[in-house]
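Participant: Model the following, please.
(2 chains)
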Amino acid sequence: MPDGPAVIYRYDGTFDGFLTAVFEAYARRRPVKAITAREEIQMGWGQEEIFLETHLEKARRVEAGIRNKIGGTALHMVEVCFWSGEEDKDTALYRYLRAGFDLGRNIYNSLTHPHVLRVEYLYRNITREQDRVQGFTRFSEMENGVYYASIAPKNNLVPLLMPHFVDRLSIQPFLLHDTEHGLAGVYDGKGWYLVETQGLNLPNLSEREQEFRRMWKMFYDAVAVKERRNDKLRQHLMPKWYWRNLTELDPRYAAKGK
Amino acid sequence: MDLGDKLQILTEGAKYDVACTSSGVDRSGVKGRLGGAKVAGICHSFAADGRCISLLKVLLSNQCSYNCAYCVNRRSADVQRTTFTPRELAELTYGFYRRNYIEGLFLSSGVLKNPDYTMEQMIECLRLLREEYGFRGYIHAKVIPGSSRELIYRMGLLADRLSVNLELPSEVSLNQLAPDKPRENIFRPMAAIATGIEQNRHELVRYQHAPSFAPAGSSTQMVIGATPDTDYQIIRLAESLYQKYKHRRVFFSAYVPVAGSELTPPGYQPPLLREHRLYQADWLLRFYGFRADEILDESHPYLDSLLDPKESWALSHLEYFPVEVNTADRAMLLRVPGIGVTSAERILRARRQTRLDFDHLQKLRVVMKRAQYFITCSGKMLPGVRFDRDGIYRNLTLEARRRQGLLFEPEVTQLSLFDGGKPLLAGREDVVKCLTGQL
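Facilitator: From the prediction side, this is the model:
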């Protein structure tokens, strides 16, 4: 049994940093209070904090360990849930991996295990939001021909969304900007990369952009069957949280008066 | 008339079509070309009626030469008429797709001049999109009843999904309300599509690069509530459509009266609850291993308004219950109200590791509110739950009765399930808000 005061491991927020933390938490054999990159998670009485530097070799060893001792599915779960917006996600993933190293492949059928349940919840939450935001993202054409979209998801989705949009929008350079997490995905027509960013200075919209927005809003309004109006259902399927980035719900593009 | 006006008119004319799904085909992108498709489909928005917007759903033209009584675009209707040029619509689709407004195009049309001419115009639009613009997004196209086999085949090579609307659940109704559409004009193209898909499957086995014909399959829809057809007739029909024509989906659409039509009595409201129940029954057919004649029969031809069809079935087959969740097979688990396809799979997986108790079931996301009356864990029912038909019925219908304003405490026999003949409480259906089932 590990002993000594419980430790908060702090890392730099990168995926390799997280894997390094998992490595260290194992190697140091101390009770783990939390693994986190968030500053707002504070130390309590009788606890200790340890700042870790990312170590690529240790990260690769943990990655290989997960793949060999638990399986590719577990690694995939970790890769996706790493981008969760939940505060405890790093600690939850660590506990899940510990259970996985004990149980091996049996972890996949241990659906009632509390650590597995927590990570399944994170996974469900993030993939559901990913499915939603894939639909709810709206690009606008700027005068330099680049397309820009602003999103505000609760999870840190840009890294998970970029492959999807690059796959289908390869004809146009674009910017996918998450204003909640200050992260943008940039596709330059060849490859894509991530940049951390707060505000952005954007060029003007292209000339035809307003016209497309107006027509989209017109379509949106016309396609609803008035006799079936159901605001509750709409809000359930498309929560208000996402409305601020939806062109079709922006009153500025209401149909011109007739 | 500018493009925006056309878009508005041709959307108004298309909106009663239910299917807006973009599912059934996975196609990755190609560098330098626009678009791809995901097998599960993607909803891009939800309209004020709560329905998913996935595709740009429009008519090519609403200048229809037919006069179907239930249709908003019928010849005698007083609406503004217009037609997209194939290029206008192709460009609009392309522009919308680049902005991630849509997954693709859902193209239907009124009968412009005659069925074949209409089909040619539609095909030209799809051809432009696919060949000239290199568009790889989703396309769902409606086959115009009465069009030639050759044109159907060409359309199928450009579209992902083809559909022909059955419109009404029986021949009598069809003859009455759609005199220009003889039944064989609907079934002939349906059969042509089914054959096309079947042949294409064989070709694809032999030649990897054979062009694919409607890879996302076919679907159809019918209007509910404009004619006296019963739920039993409707789900029997749906079942045979799945078997015979291999449809991926059969859609139901609560009839919304169109201006100037006299099909429905004054005070008529679209039967939304009935539509919802039909979708639930449809799910039982497609995913739960039910047959239509297990759900309803000649003497009980309507679905219950207070119970969902699975609860109804369980209550009249209590001899199969309670089910022991630690040993029951998949087929039996799926028959338990409150256990769905996902939770059944999870039960099967989890019980390899542990003996399941009621706490576990909650964690596996079984809906205990319904399931508790029908299951045991290690031989025991949930403490406090009695296995008694009238009691279960009262509890399961409690919420629905409250919602429908029926909680004047009753003799249970008055609300008997097996009333036969008429649906219970028809006419109050409209007060119930429900999911449309199209997702």
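
Participant: Let me see the confidence value for the closest residue to residue B:68 other than its chain neighbours.
Facilitator: Spatially, and ignoring its direct neighbours in sequence, residue B:68 is nearest to residue B:178 (4.1 Å; CB to CB, 6 or more residues apart in numbering or on different chains). (Glycine included, C-beta is placed from N, CA and C.) Note for residue B:178: predicted pLDDT of 88.

Participant: likewise the one 5 residues further on?
Facilitator: Per-residue confidence for residue B:183 comes out at a pLDDT of 87.

Participant: Could you give the number of residues near the closest residue to it other than its chain neighbours?
Facilitator: Using CB to CB, 6+ apart and skipping the chain neighbours, the partner closest in space to residue B:183 is residue B:171 (5.1 Å). When neighbours are counted by other CB atoms under 10 Å in any protein chain shown, residue B:171 registers 10.

Participant: From residue B:349, how far out is the closest residue to residue A:81 other than its chain neighbours?
Facilitator: Taking CB to CB, 6+ apart, and ignoring the residues beside it in sequence, residue A:81 has residue A:122 as its nearest neighbour in space, at 4.4 Å. To residue B:349, residue A:122 is 19 Å away according to CB to CB, to the nearest Å.

Participant: Tell me which of those two has more neighbours.
Facilitator: It is residue A:122, of residue A:122 and residue B:349, that has more neighbours when counted by other CB under 10 Å, with 24 against 14.

Participant: Do I have it right that that one meets residue A:86?
Facilitator: Yes: look at residue A:122 against residue A:86 with CB atoms under 8 Å: they come within range, at 6.0 Å.

Participant: any residues in contact with both of these two?
Facilitator: Residues touching both residue A:122 and residue A:86 (CB atoms under 8 Å, 6 or more residues apart in numbering or on different chains): residue A:92.

Participant: what residues are up against the closest residue to residue B:69 other than its chain neighbours?
Facilitator: Closest residue to residue B:69 apart from its sequence neighbours, by CB to CB, 6+ apart: residue B:177 at 4.3 Å. Residues in contact with residue B:177 (CB under 8 Å, 6+ apart) are B:68, B:69, B:70, B:167, B:168, B:226, B:227, B:263.

Participant: could I get these as JSON lines with secondary structure and distance to residue B:153?
Facilitator: Formatted as JSON lines, these follow (DSSP: H, G, I helix; E, B strand; the rest coil; distance: CB to CB, whole Å):
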{"residue": "B:68", "secondary structure": "coil", "distance to residue B:153": "26"}
{"residue": "B:69", "secondary structure": "coil", "distance to residue B:153": "31"}
{"residue": "B:70", "secondary structure": "coil", "distance to residue B:153": "29"}
{"residue": "B:167", "secondary structure": "strand", "distance to residue B:153": "23"}
{"residue": "B:168", "secondary structure": "coil", "distance to residue B:153": "27"}
{"residue": "B:226", "secondary structure": "coil", "distance to residue B:153": "32"}
{"residue": "B:227", "secondary structure": "coil", "distance to residue B:153": "32"}
{"residue": "B:263", "secondary structure": "coil", "distance to residue B:153": "35"}
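
Participant: ok, so of those residues, who is nearest residue B:100?
Facilitator: Residue B:100 lies nearest to residue B:167 out of these, by CB to CB, at 33.3 Å.

Participant: quick one: pLDDT of the closest one?
Facilitator: With respect to pLDDT, residue B:167 has a value of 86.

Participant: what bridges to it?
Facilitator: On the basis of DSSP bridges, residue B:167 is bridged to residue B:222.

Participant: tell me the contacts of it?
Facilitator: Residue B:167 makes contacts with B:68, B:70, B:174, B:177, B:178, B:181, B:186, B:221, B:222, B:223, as judged by CB under 8 Å, 6+ apart.

Participant: Now do the phi/psi pair for the first one.
Facilitator: As for residue B:68, its main-chain torsions (degrees, to the nearest 10) stand at phi -70, psi 130.

Participant: Verify the contact between it and residue B:180 for me.
Facilitator: Yes: counting by CB under 8 Å, residue B:68 touches residue B:180, with 6.9 Å between them.

Participant: More neighbours: these two, which one.
Facilitator: Taking other CB under 10 Å, residue B:68 and residue B:180 do not tie; residue B:68 has more neighbours (23 against 15).

Participant: residue contacts, the residue nearest to residue B:62 when sequence neighbours are not counted?
Facilitator: Distances taken as CB to CB, 6+ apart place residue B:13 nearest to residue B:62, at 4.1 Å, with adjacent residues excluded. Residue B:13 makes contact with B:58, B:59, B:62, B:72, B:73, B:79, B:110 under the criterion CB under 8 Å, 6+ apart.

Participant: For the residue nearest to residue B:68, the count of nearby residues, please.
Facilitator: Close neighbours of residue B:178, defined as other CB under 10 Å, add up to 23.

Participant: Distance check, it against residue A:138.
Facilitator: When distance is defined by CB to CB, residue B:178 is 39 Å away from residue A:138.

Participant: And the residue of the stretch 151-300 of chain B closest to chain A?
Facilitator: Distances between the stretch 151-300 of chain B and chain A by CB to the nearest CB are smallest at residue B:256, namely 4.7 Å.

Participant: Surely that residue touches residue B:16?
Facilitator: Yes: Residue B:256 is within contact range of residue B:16, at 6.5 Å (criterion: CB under 8 Å).

Participant: I'm done for today, thanks for sticking with me.
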